[in-house]
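J.: sequence and predicted structure, then a few things I'm wondering about:
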Amino acid sequence: MTERRSVPRQRVYKRGTVAFNSAGFECTVRNLSASGARIDLEGPVGLPEHFMLVIESDKVMHRCRPVWSSAQRVGVAFE
């Protein structure tokens, strides 16, 4: 398989929160780079065009946009 990412991602297993419009839900961050991440969700969810990904263990918050999705997995790009 050809790698299309400009920056390689590191495998991680971190708890995250998808936050938008004063609401949020938990997710699992499965890989991470300076430019994006893959998150796993509990079930299929409609995401907005932009949202915040909060990773409390790293004390970071990223503004994101979904790039691809497959069932309960979503690839996001950081803005």
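T.: Yes, it's here. Residues are numbered from 1 along each chain as shown.
J.: counting neighbours, what do you get for Phe20?
T.: Phe20 has 14 neighbours, counted by other CB atoms under 10 Å. All C-beta atoms are positioned from the backbone trio N, CA, C, and that covers glycine.
J.: what do you get for Val29?
T.: Look at Val29: counted by other CB under 10 Å, it has 19 neighbours.
J.: contacting residues for it?
T.: Counting by CB atoms under 8 Å, 6 or more residues apart in numbering, Val29 touches 12-16, 37-39, 53, 55.
J.: in TSV: those, plus neighbour count.
T.: Formatted as TSV, the contacts of Val29 follow (neighbours: other CB atoms under 10 Å):
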residue	neighbour count
Val12	16
Tyr13	9
Lys14	15
Arg15	12
Gly16	27
Ala37	24
Arg38	20
Ile39	26
Leu53	22
Ile55	19
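J.: which one of those is nearest Arg63?
T.: Closest approach to Arg63 among those (CB to CB): Leu53, at 8.1 Å.
J.: so where does that closest one fall, helix or strand?
T.: Using DSSP states H and E, Leu53 maps to strand 51-55.
J.: what strands line up against the helix or strand that comes right after that strand, and which way round?
T.: Reading on from strand 51-55 to the C-terminus, the next helix or strand found by DSSP H and E is strand 60-70. Strand 60-70 pairs in its sheet with strand 51-55 (antiparallel), strand 73-78 (antiparallel), by DSSP bridges.
J.: ok so, going back, for the strand holding Leu53, what is the distance to the chain centroid?
T.: 7 Å (CA atoms, centre = their mean, to the nearest Å).
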